[in-house]
Structures are given as structure tokens and as C-alpha cells.
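Peer 1: After the sequence you'll find the predicted model.
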Amino acid sequence: MGNRESRVRGVAARAGVWSARHRWAAVGIWVLFVVLAMGLGSAAGRLDVKDSDQLKGETHTAAKIIEDAGIKQPASETVLVQGRDGATRATDAKFRAAVADVVRAVGATGGVTGVKSPYDTETISKDGRSALVQFDLRGDAETAGDRIEPVLKAVGGVREDHPSLRIEEIGGASMQKQYSDAFGDDFQQAELSAVPVALGILLIAFGALVAALLPVALAITAIMATMGLMGIVSHLQPMSDTANSVMLLVGMAVGVDYCLFYLRREREERAAGRDAATALRIAAATSGRAIVVSGVTVCVAMAGMLFTGLAEFEAMGLASLMVVAVAMVGSVTVLPALLSLLGERVEKGRIPFLKRRGTGGQESRFWTVVLRGVLARPVVSVVVATGALLAVAAPALGMKTSQLTLDQEFGDSLPIVQTYNRVNDAFPGGSEPAQVVVEAKDIKAPEVRSALAEFKDRAIASGASRGPVEVRTYEDRNVALVSVPLVGGSDFDRAGKSLERLRDEVRPATLGKVEGVRAPITGQVAGSHDFNAQLVGSVVPVFAFVVVFAFLLMLLSFRSLTVAITSIVLNLLSVGAAYGILVAVFQHGWGASLVGAEGVGAIVTWLPLFLFVILFGLSMDYHVFVVSRIREARLRGRPTREAIQHGVVTTAGVVTSAAVIMVAVFAIFGTLSMQSMKQMGVGLAAAVLIDATVIRGVLLPAVMSLLGERNWYLPKWLHRLPDLTHDEAPEAVAAPVAPREGERLGV
């Protein structure tokens, strides 16, 4: 049968048949593509998102003014000198001596400039117990963390000489170094752990080394190719390290999933007595098609991030879209070629004590029992499963999103967090000042100078700041930078109100009255405020785009209005349940200790939209795979109820293996120390687990059982839609049919 010619329909089937027939060419083309992508990407170099392009609005305007003026802002550092006993004052002799030693020590390193004593700048707290020594690091601010070590050692030496005082350094460079030391290896280890974890689970799933290595190899080569493509594309859309990490996560998940779907089906058909060529043809026409439909749907979902207008999200969306597309293409081209080359050798390297897995069409015993109960009482199953998911999702109604403060993000795991809090307590807003970037035709003009002076006075008089308000003027560039410590400090809610007072009241009454003056206000609090505003504004278009296009793709792929609607509803339930778990664990702290976290009172601002896009896309993997198998069984003549049971229980093993890998990989990121990474890891892992069990194993079959033949309903007025379906029945694919002209595609 394998040598007969047959009519092959569908892109995936055609690609699979061609690749199996020209296997060395297919493998060679794939290797050449990966090598070329990496080589061209390396030669082009990767451009990362610039600070000036991170956000729109005032933050973006301020960054552009500074960039266009050629102002290189140095990395600023601060040393807090504070009495430990509550009695020591900045006017005491030993306090003055310690301050003098700090000024002398940091200046002697040769790596700093502009060292300022608190007695000159009046940066002494109102209670007289604390003072700040301020200075800048020489060189590029972005690499300042690499040069801060000698300064930290110098400050540490002064601290040892004055044990009765608290002498601690904080600033962009010192924070950068502590983060890198504490979490740089943490991230790298998490990313590297994803591969052996996935391989270990696949070894258990297949029981053979070669079969387990194929999905991992496909995922890794897809990731390598995408990394090269990111370098090329970055010249049109800048990328970032965050986009790289997200790409790796998504690439590992979908790369392994797609290969797993294809490989399991090919092994199943071989075990059912098909010859090698026919088994591959069936796998290409069935699982291959499911992979293409799923991949396109995931790509559409990832494209939703391009509508946020946020450079970081756009980079993540484009990088994820590319890795999914590459993995999809690899799954339907090079994978059938490799399976054709390997033949029975795919079972080489059998693992002792593990029974032969993944090579037959065995139905899952566990899911057979579950399905029997679900299909016997579908109404009860729908009510119970839906009720449980809604109960889990209920906490999401009270979701509060916020940029996490330093202590919320890291807790007490970093010494610098305590320093950060002490500086904010003594000098409210001092560690997170707002920065007013003033651009004028002539910054030296009397009216501009008068407006700057009035702005300083009103900023304090309005209650937005307690001072000191500092002005640094660049006369040759007609730019002035005004630093304004905000009342509220590290409390972003209170500091946000101070920011609004500056923007809406103080600025219009002072700088806003001078013609030709621009004065956007930036800083960490302003950046958080602008980010939130832009993110909130993009929620509706992103949600609408993803849902509408996913609906249309499902409608065209299955030509069923019912399947399209149920897929959207079930995916939304899955996402809602994930939101509920996030809020319960990280906002309210329920069971937070079980995942090594703590309730921080909020979900990090970017996570809900990010999770929606990622989860909506990944959920389609399972949905398309299971529904395709159900539709296939129905096309073979099985009643709908029997087709549902067959489709679910025969795919249960694949879906379970794929879900376990996804959950394990995502859970690795849930072990990181940063709360935002914990939230992302736990949210993704919980959603995938719910999706693969409650949604696909209970709710989907129960709903389809209740709908019966209405599952395949398509109104007559929609019959004119393009037909992207094809006969997925193995008998139709395997049967010899007189070939059409130009379609002599034998395996």
C-alpha cells in the first residue's frame, strides 16, 4: 500500500508526503535553514528596545528629549549614613567624621564624580538622624553595575570603621549588581533546566531514548533558528532579554507538543498494522493538520500583543509568533522525514523497567473510566465542572494590578531592600524621584528661569513633594532636568497622586505658561503610571482581536459554528480560572507558602494581559487536537457520543504528556525568587493543568455529548465561507485513489 499513489489534500498532508519521499532533502533544507538563520542573525546583531521607545506618552517624550539632546545621564549612587541607636544626630562629631570618611573613600576609588556631602546639599532628614552622600559613576550608565564593586568595597570599609552607624549604599548600579548576583544565575539555571525536565518526562512517556529526543531536538532547533531570526527582525522591531526568555518558554512548549502529537499518531498507526508509508501519510493528514490549525491559531493569539503599543510586549509577541511558526513548519516537514529515515529505530534506547509506550492506539484506562461517568451524566458533569471553574475564577473579580515595589518583588531576600525602605522612610520619595525634563528655545531666558524657580516652590507648597527639588541645567542644549522627590515614596498609589498633582496643577501654573517650553515628567512612578494607562487602553482591542480571529480560524477549520463558539467559551473559562488562582495565591496569600510565595496584595500589572494571550494560544493546542480526533471518528461513521469517547481517550495520553511537560517547564519559573516570575510560572502551570484535565477531559466531552449532532451545525448562509477542512479518516487517506494530474504524490 505504501508504494501506491494517492490523492492528498491539505497543506500538512502534502508537506508530510513530500518530506517522507524526499527525506534527505527535507532534513538538509531544515538544517540549512537553522544554520542560515543563526548565521545571518549573528552577523546582523540584535537591537534591543531603547529606553526612549519603551513607553508612549510623557515618559517617551522625556526620553526622546534627553536622547536627542545627547545627554548621557550617569548612574547615580547614594550612601545612607544613619544612627543605629536613635540618639545619634547628623550634627554629632562621630557622624560628621563618618560622612567625611565616606566622601573621601568613594572619591579615592577614581571611578566616581560629583561627590556631594549632605552638609552642602542639605540632604539631611527632618529628624536629623539620617544623611545622604550622593555621587555619580563614571562611564556608561547601562554597564555601571560592572564597575561598582570597588565603590561598594570602599563603603564597606567605612562601615567597619564606624560600627555604631548604619552606612549603606543604594543606586541603580548597586541594585543592578545585586540583582545580577542574586538572580542572574537563577534565570539561567531555570532556562537550562527546561530541556532536561522535558526530556525526562518524554523518556517516561515513550520509554525510548530516540523517541524522546526527537521532540526536544525539534524544539531546540526551532528555538535556535528563531534566535537568529530575532536578530534580523530586531532591525525593524527591537527585541529584548524578556522577549528571549518568553520565546524560549513558548518554543519549548509548542515544539515538544507538536512533535509529540505527530509522533504518537504515527506510532499508533504502525501498531494498528499500517505499513510505514501509510502510517506517515495518516499522521500527516490528521495530526499534521491539527498542528497547522493549532499553530496558526497560536500565532494569531501572540499577534495580539502587537496591539498594546508597548515595545516590550510587541517584542514578546513577535518573538513568540516566530518560534511557533518555525516549530509548526518543522513539525510538518522535517519530522516526517526523520521518522521515515529512522523507521523502527525510533524505538532504540529502550529504558529498563518502563513498558513500551506511545507506539499503540491504547485507550487510557483512567480517562476511559472518567469518560464513562461524564458521558453517562453529561448535565451533572457540565454543572459540576463549570461551577468548580467559576468558583476558582471568582477571586479574579477583585483583582488588583500594580507595579510591584522592591520589597514586594523581592521581600527580605536582598539586603538592598532594607536600605531602599530606610531611605524612603527618612527621605520620602528620595529613592524614586520624578524627573521633569524641561526643553526651551533658550533655557537661560529670564521667563524660563523664573518658571523653574516657581515650579520648585509650588511643587513643595502643593504637597506633592517635601523637597529638596534639584535643578541641573544643560545650557548648551537648552535642557534642564528637575528632580522632585514625591510624597508617597515607594507607595505607588500615594506617589501616583503626587505625580498627578505635579502634572495637572503645578506644571500648568508654572512652566506651562511659558511659550515654547515642553516639560514632560518621567521617572519610575511616572513610567508605572503611563505603562498602566497604556496597558488598560489596549486590553479591549487585544482581547477582541484574539477572540474574534481565534473564532474565525476555528469556524473555517472545522466548518462548525458550534465548535467555534464552544472553543472560545471553554478557553475563556480556563483563563478565568488561572486568574482566580493568581489572585487567591498572590493577592490574598491563600496557600502562598505552598509555592514558596507570599501574598503581596496585587498582581503585577503586565501579567493578566500576557497570560491571556499566551494561555489562549496554548489552550488551542489541546482543543484542536482533541476535537480533530473526535471529528475524524465521526467521519469514519461512529455516532457522535462514541466519537467523543474515542477522541478523548485516544488523545488522553498525548495531552497528558504534553501538559505535564508544560506544567513542569512553567513551574520551574515559579521557583524563582522574584514575585513577578513566580506569578507568571504559577499562573501558566495552573492554567495548563486545568485546561488539560477539567476542560478537555470533563467539560468538553460533556458539552459535546449534550449538543449531539448540533456540534457540526453550520448555517446555510455560512456555507460560502472558504473550506479549510479535509477528510481526516485514515481509510480515506490510506486508500489508493486515481491521482489527479500533477498530484502524483507517493510516499
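Peer 2: Nice, thanks for sending it over.

Peer 1: for this structure, which helix is longest?
Peer 2: helix 524-558 (DSSP state H).

Peer 1: same for that helix, what does it pack against?
Peer 2: Other elements packing on helix 524-558 under the criterion 3 or more Cβ pairs under 8 Å, 6 or more residues apart in numbering; DSSP states H and E are helix 57-68, helix 287-303, strand 434-439, helix 492-501, helix 561-582, helix 607-635. To be clear about C-beta, it is placed using only N, CA and C from the backbone, and glycine gets the same treatment.

Peer 1: Surely residue 388 touches residue 694?
Peer 2: Yes. Using Cβ atoms under 8 Å as the test, residue 388 is close enough to residue 694 to be in contact (7.0 Å).

Peer 1: To residue 407, which of the helices and strands packed on helix 524-558 lies closest?
Peer 2: helix 492-501 (11.9 Å; Cβ to Cβ).

Peer 1: How about that closest one, which residues are buried there?
Peer 2: Within helix 492-501, the residues that count as buried by 16 or more other Cβ atoms under 10 Å are 492, 494, 495, 496, 498, 499, 501.

Peer 1: returning to what we had before: what mean pLDDT does the longest helix of the chain have?
Peer 2: The average of the pLDDT scores along helix 524-558 is 86.

Peer 1: so how far is it off the chain centroid?
Peer 2: Helix 524-558 has its average C-alpha position 14 Å from the chain's average C-alpha position, going by Cα atoms, centre = their mean, to the nearest Å.

Peer 1: do stretch 504-523 as well
Peer 2: On Cα atoms, centre = their mean, the centre of stretch 504-523 falls 36 Å from that of its chain.

Peer 1: And it, what's buried?
Peer 2: 506, 507, 510, 511, 514, 517, 519, 520, 521, 522, 523.

Peer 1: Identify the farthest-apart pair in the residues you listed.
Peer 2: Of all pairs in the buried residues of stretch 504-523, the most separated under Cβ to Cβ is 514 and 523 at 21.8 Å.

Peer 1: What separation do you get for the spatially most distant residue from the centre of the chain and residue 204?
Peer 2: Distance from the C-alpha centroid of the chain, by Cα atoms, centre = their mean, peaks at residue 93 (52.8 Å). From residue 93 across to residue 204, the span is 70 Å (Cβ to Cβ, to the nearest Å).

Peer 1: for residue 401, same thing?
Peer 2: Where residue 204 is concerned, residue 401 sits at a distance of 38 Å (Cβ to Cβ).

Peer 1: Compare these two and say which is more crowded by neighbours.
Peer 2: residue 401 (16 against 13; other Cβ atoms under 10 Å).

Peer 1: give me the element residue 133 is part of.
Peer 2: Residue 133 is located in strand 130-137, with elements delineated by DSSP states H and E.

Peer 1: which residues sit against that strand?
Peer 2: Strand 130-137 has contacts (Cβ atoms under 8 Å, 6 or more residues apart in numbering) with 74-83, 90, 95, 99, 102-103, 106-107, 111-119, 121, 123-125, 144, 147-148, 151, 173, 422-423, 426-427, 430.

Peer 1: With just CA atoms, put it into CSV.
Peer 2: The C-alpha coordinates for strand 130-137 follow below in CSV (Å, rounded to 0.1, in the frame of the first residue of the first chain):
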residue,chain,number,x,y,z
SER,A,130,19.9,60.4,58.5
ALA,A,131,22.0,61.9,55.8
LEU,A,132,22.8,61.1,52.1
VAL,A,133,26.1,61.2,50.4
GLN,A,134,25.5,61.4,46.6
PHE,A,135,27.7,60.8,43.7
ASP,A,136,27.8,59.6,40.0
LEU,A,137,29.7,56.8,38.5
